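Undergrad: here are the coordinates; sequence isn't available:
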């Protein structure tokens, strides 16, 4: 047996030997994920009985430079995880799954991964031996290659590199009467930012209604590195968006803003940030917009390690039912092991702003149009806290993504607002 | 609607907010192109009247009639009223975070234009007319690209109301204390815009306590609202009386309003 197969088999055995996470993990208590067999491709596919849609056979990762991206700064390698040498290259330098709550997902990923993309992005100084830095603009699209898959992405930003990345996972919206192959996807993204590197990262994830999706972003920031993530995600059969961000370098800064929309579906965002050095800062914003019988969970956990002097942590979580009886669970956590730090967290539940809705109606907007405009506005304001310039928002076509995502969200009949359907 | 019928006709309109009866009986007519000034002490029901006409769901009509352009106003949704040409300038316009002002106003304008059977304006044409109107009203052009009223001063919010009024060109505009928070240039902009729109046939109901503005507007009628009823009707002399003696004094001298 070659080392690639041995590694995959070992990961599979690891899961078989231990309990799957739903039974023991606090993080997954409110929205337990499907069983291990689902993620390993060992369960019966969840397809409609008479669905004759073509099997999924997308291109996987495709890379698209945007605008005036400087030449020669991006080294991209598509690697076959079944080939021992390429698998070794794909996983090179990455830590093995630890013992944290979501580790079983990582083992399941190692057992199933078939292909991965590895990007190395250099700085202008590195390319030219000095001079003014230039930002690299990239778009990464992922189209599923199989009904059950474990795609992988590794991005190494060299010291000083400045990168804007838009990463999209968008299933085609199909009419309710059309069958669509359901997808099971366990994606792992590893981001490693060298000293002084900056990554502004917009992630758009719009799965099909029956899909079961778990995305894990692992980011590690060296000294003075900056990572900003904007997430626009919509619900499906099961949907987990988890970001684990480590700040071991002094003065490293991380900021995430998530906009989560679900109608009669499930969606969870987990953000875990570890402050391992002095003068690190992080801010987490999340806006959950649920309707119908949606279940949305936002679970944030910021840890400040001993010695992380002057660390600064902010968490702001908001939940707004936009119709029906959704269940919105907001869970901010702080774990502080050092005295001289600043930390603030809050969770608020609200209603759609009635005064703004009436104002829009008084100007002639129909109810659906007014709701769409106001929801888009709230989402845009939330994302703007991470993607911090109007120019960046425009270049990433945030308005276009928002309009499409909100239109999908509101495509179901409007249900009356509940008097209060939120739970801490 | 017959040729001589008023644009807005209210008969014995009664309105509750929650358990409280605010408008006890309001009867008035507003002919097309006319300008009425509505005065009254705090709590007399002026803003209630405006919000009721606009169809605010918290303001419950318990009796009476309201016809607008020959149609039953009370049977219409708020957006139908707006599309039929009824505009309310809010006393405290709300902010709408994340929604760009120019997008909001263009969406509203196109909804109204569609109801009038006119074609939608594209972003380019809209921006041209919006910038010109903003300049006339003293609203910095940058306000068009900012979220609706988000971070605007009181005066900027009111100018933003005027901008929407100028672009929407309604048949009837209810201006609820449009002058509050405005500087002298803003008040002048109100007067000029109202005069301009009146030449195009827009009728106005202006709620104000500010005599200089009222005189500048040259109203057709001045109405005094007291305890939910139209207590007195007159011309500029009534406005000057109220300005001189105050509502308490005027109330003491006025006959009891007739309850219906």
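TA: Happy to help now that I have it. In this text the structure is predicted, and so the values were computed from the model without any measurement.
Undergrad: got the residues of chain A near chain B?
TA: A:353, A:355-356, A:358-367, A:369-370, A:373-374, A:376-382, A:384, A:390 (CB under 8 Å from any CB of the partner chain). In this view, the C-beta of every residue, glycine as well, is placed from N, C-alpha and C.
Undergrad: Helices along the stretch 51-200 of chain A, start to end?
TA: For the stretch 51-200 of chain A, applying DSSP state H, counting those that start in this stretch gives helices covering A:84-91, A:103-112, A:124-128.
Undergrad: Distance to residue B:79 and mean neighbour count for the ones you listed - can I get that in TSV?
TA: Shown next, in TSV, are the helices of the stretch 51-200 of chain A (distance: least, CB to CB, whole Å; neighbours: other CB atoms under 10 Å in any protein chain shown):
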stretch	distance to residue B:79	mean neighbour count
helix A:84-91	56	18
helix A:103-112	47	23
helix A:124-128	53	16
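Undergrad: Worst mean pLDDT among those?
TA: Mean pLDDT is lowest for helix A:124-128 out of these, coming in at a mean of 64.
Undergrad: moving C-terminal of the helix or strand harbouring residue B:216, what's the next helix or strand?
TA: Remark: residue B:216 resides in helix B:211-217, with elements defined by DSSP states H and E. Where DSSP H and E defines the elements, the next helix or strand beyond helix B:211-217 is strand B:221-226.
Undergrad: Paired strands for that next one, with orientation please.
TA: Strands that pair with strand B:221-226, judged by DSSP bridges, come out as strand B:35-40 (parallel), strand B:229-234 (antiparallel).
Undergrad: okay, now the closest residue to residue B:115 other than its chain neighbours: neighbour count?
TA: Among residues not flanking residue B:115 along the chain, residue B:83 sits closest, at 3.6 Å (CB to CB, 6 or more residues apart in numbering or on different chains). Counted with other CB atoms under 10 Å in any protein chain shown, residues neighbouring residue B:83 total 22.
Undergrad: thought residue B:83 was touching residue B:112?
TA: Yes - using CB atoms under 8 Å, residue B:83 makes contact with residue B:112 at a distance of 5.5 Å.
Undergrad: Residues in contact with both of the two, list them for me.
TA: Taking CB atoms under 8 Å, 6 or more residues apart in numbering or on different chains as the criterion, residue B:83 and residue B:112 both touch residue A:364.
Undergrad: that older thread, would you mind finding the most buried of the strands paired with strand B:221-226?
TA: strand B:35-40 (a mean of 25; mean count of other CB atoms under 10 Å in any protein chain shown).
Undergrad: Relative to the whole chain's centre, how far out is that strand?
TA: 10 Å (CA atoms, centre = their mean, to the nearest Å).
Undergrad: tell me the average confidence for that strand?
TA: Mean predicted lDDT for strand B:35-40 stands at 96.
Undergrad: same deal with stretch B:232-240?
TA: Stretch B:232-240 carries an average pLDDT of 95.
Undergrad: Please apply the same query to stretch A:75-82.
TA: In this model, stretch A:75-82 has a mean pLDDT of 95.
Undergrad: What residues sit buried inside that stretch?
TA: A:79, A:81 (16 or more other CB atoms under 10 Å in any protein chain shown).
Undergrad: Residues in contact with it: which ones?
TA: By CB under 8 Å, 6+ apart, stretch A:75-82 touches A:4-5, A:8, A:60-61, A:63, A:86-87, A:89-90, A:113-122, A:152.
Undergrad: Filter the residues you listed down to just the buried residues.
TA: Counted by 16+ other CB under 10 Å, these give A:4, A:8, A:60-61, A:86-87, A:89-90, A:113, A:115-122, A:152 as buried.
Undergrad: Return the per-residue confidence for residue A:283.
TA: The predicted local confidence for residue A:283 is 97.
Undergrad: Roughly how far does it sit from residue A:300?
TA: The gap separating residue A:283 from residue A:300 is 11 Å, by CB to CB, to the nearest Å.
Undergrad: Same question for residue A:9.
TA: 35 Å.
Undergrad: So for the two, which residue has more residues nearby?
TA: Looking at residue A:9 and residue A:300 with other CB under 10 Å, you find the greater number of neighbours at residue A:300, namely 27 against 13.
Undergrad: In which helix or strand does that one reside?
TA: Counting by DSSP H and E, residue A:300 is part of strand A:295-304.
Undergrad: buried sites along the helix holding residue B:216?
TA: B:213, B:214, B:216, B:217.
Undergrad: My guess is residue A:305 contacts residue A:336. True?
TA: No - proximity of residue A:305 to residue A:336 does not meet the contact threshold set by CB under 8 Å, at 9.4 Å.
Undergrad: ok, residue A:406 - contacts?
TA: Residue A:406 neighbours (CB under 8 Å, 6+ apart): A:261, A:372, A:375, A:376, A:379.
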